[in-house]
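Peer 1: Sequence and predicted structure below; questions after.
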Amino acid sequence: MSTPTTEVHNATLPQAAPASGAVTKQLIVQKFGGSSVADADGVKRVAARVVAAQQAGNEVVVVVSAMGDTTDELLDLAAEVTDSAPAREMDMLLSAGERISMALLAMAINKLGASAQSFTGSQAGMITDGIHGKARIIDVDPHRIRTALDKGNIAIVAGFQGMSRATHEITTLGRGGSDTTAVALAAALEADVCEIYTDVDGIFTADPRVVPSAQKIDTISSEEMLELAASGAKILHLRCVEYARRFGVPLHVRSSFSQHEGTWVIPSADDKITTQEGVALEQPIISGVAHDRSEAKVTVVGVPDIPGKAAAIFQVIADAHSNIDMIVQNVSTHGTGKTDISFTLPIVEGADALAALHAAQDQIGFEAIEYNEQIGKLSLIGAGMRSHPGVSATFFKALSDAGININMISTSEIRISVVTHADLLDEAVRVIHKAFGLDTESEVTVYGGTGR
């Protein structure tokens, strides 16, 4: 794969053109989400923005998601036809959404007098493994994209999809896969920046739909962004951030509905983003507050408190292809020799995990399973937490003063996460956001959609 193997250091924002009028040519990858191309007017607006970027002297590659709620509508259609759609056919169906977007955008760009050529994921060289529905990229061969750019074309690529080299079948990358497509192409083409366009003006200290007074973050490290994404922040997909950090791709998250400067995600906390005046941006103690409603809590009750039982439980979960997030094991009750183990996992994987555990109950020897989907996860993230005492005390006191009970706790060097009741989650986010002085007096403009 034609990708850089070292991280970017001392990255800077694009500088204004020199007074002499000379323009530094850059290769830019732009990704537009479904809300940005939700209708014909949106497609035309994006086309105008893409053409302007090329006219400024840049080579431009564009990755698009399906229009608006197309993916959800296709899923609903499939559900009306069958409750057991073959994975291969589901990928064939869902990949159609992005192909519609890419063709329409290419048409709109050509209408404006520029030259555009559209490519499916496989045509763009996105090579994946053979797992349908959640394929992973294993190689990128962008020679057709490079050829199109060399001919003066704008290259439009369907996100979210690729092709398995082993089976030659179309695959999809799972939710948020267009973000990953964009970063993978940026790395393979050694692009100067990957711009992720959405319906808000960047990354904020909390979801502006929950905290309208959230403030925009000017710059954030990949490490912190990974924690935010893993904790439920929907603005960037986790795999996209992982890929960008691995290959040193600077990300610029901004709105397709405005011309405002967005948020820069830099590959390493040691890298520096500077303003056009050359002043380094200060690293805040707290980067933001994230929340997640997509997880369920499983408690395995009455587990024999002997070596190997926890390993057996989590091997069963692994074999069911379920991803564990937070884990808590209670202290064994005196004299009973039994303990309880609780963990969280995605709700969509709950049924398979429960079935696998019930099948192994006699072998492992636990007493019962409790399952609860009415939970929410709240996370506080910030690299500055490492060197600032009192963050945990402020965090837990704020929740206590608000009467918000905590069910589970998990921490890392730059994150504190707790699980509470789903009905209390929005209030918990607002309480913590205010406790750390992150509120602003103005309200965030949300232009539409869901923030993806």
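Peer 2: Nice, thanks for sending it over.
Peer 1: contacts and neighbour counts: CA atoms only from here.
Peer 2: OK.
Peer 1: where does Leu185 fall, helix, sheet strand or coil?
Peer 2: Recorded secondary structure, Leu185: helix (DSSP: H, G, I helix; E, B strand; the rest coil).
Peer 1: what's the spacing between the spatially closest residue to Pro142 that is not a sequence neighbour and Ser164?
Peer 2: Counting by CA to CA, 6 or more residues apart in numbering, Pro142 lies nearest to Gly125, which is 5.2 Å off, once chain neighbours are set aside. The gap separating Gly125 from Ser164 is 10 Å, by CA to CA, to the nearest Å.
Peer 1: Then Arg144?
Peer 2: For Arg144 relative to Ser164 (CA to CA), the value is 18 Å.
Peer 1: Just want to know which of the two has more residues nearby.
Peer 2: Neighbour count, other CA atoms under 10 Å: between Arg144 and Ser164, Ser164 has more, with 23 against 14.
Peer 1: So the spatially most central residue of the chain versus Glu370, what's the distance?
Peer 2: Central residue of the chain (CA atoms, centre = their mean): His237, 1.2 Å from the mean position. According to CA to CA, His237 and Glu370 sit 30 Å apart.
Peer 1: where exactly do the helices run in the stretch 201-350 of the chain?
Peer 2: 222-230, 238-247, 309-319, 350-359 (DSSP state H, counting those that start in this stretch).
Peer 1: what does the longest one contact?
Peer 2: The list of residues contacting helix 309-319 from outside it, by CA atoms under 8 Å, 6 or more residues apart in numbering, reads 303, 323, 341, 353, 356-357, 360, 364.
Peer 1: filter those to the buried ones?
Peer 2: Using 16 or more other CA atoms under 10 Å as the burial test, those include 303, 341, 353, 356-357, 364 as buried.
Peer 1: circling back: so which of the helices of the stretch 201-350 of the chain is nearest Thr180?
Peer 2: When the helices of the stretch 201-350 of the chain are compared for distance to Thr180 using CA to CA, the nearest one is helix 238-247, at 4.3 Å.
Peer 1: What helices and strands are in contact with the closest one?
Peer 2: helix 177-188, helix 222-230 (3 or more CA pairs under 8 Å, 6 or more residues apart in numbering; DSSP states H and E).
Peer 1: ranking those helices by burial, who's on top?
Peer 2: helix 177-188 (a mean of 27; mean count of other CA atoms under 10 Å).
Peer 1: any idea of the angle that helix forms with helix 238-247?
Peer 2: Helix 177-188 runs at 10 degrees relative to helix 238-247, counting by axes from the mean of the first three to the mean of the last three CA atoms, to 10 degrees.
Peer 1: Next secondary structure after helix 177-188?
Peer 2: strand 193-198 (DSSP states H and E).
Peer 1: Distance from the chain centre to that following strand, please.
Peer 2: 13 Å (CA atoms, centre = their mean, to the nearest Å).
Peer 1: Which strands or helices does that strand pack on?
Peer 2: Packing contacts for strand 193-198, counted by 3+ CA pairs under 8 Å, 6+ apart, involve strand 27-32, helix 177-188, strand 251-255.
Peer 1: just checking, Ile156 is part of a strand?
Peer 2: Yes: assessed with three-state DSSP, Ile156 lies in a strand.
Peer 1: I figured it hits Val61, correct?
Peer 2: Yes: the pair Ile156 / Val61 is scored as a contact, 6.0 Å apart, by CA atoms under 8 Å.
Peer 1: Need the distance between the two termini of stretch 106-125.
Peer 2: First-to-last residue span, stretch 106-125, CA to CA: 19 Å.
Peer 1: Buried residues of it, list them for me.
Peer 2: The neighbour-count check on stretch 106-125 (16+ other CA under 10 Å) flags 106-110, 114-125 as buried.
Peer 1: residue ranges with poor pLDDT in the stretch 251-400 of the chain?
Peer 2: 268-284, 332-335 (pLDDT under 70).
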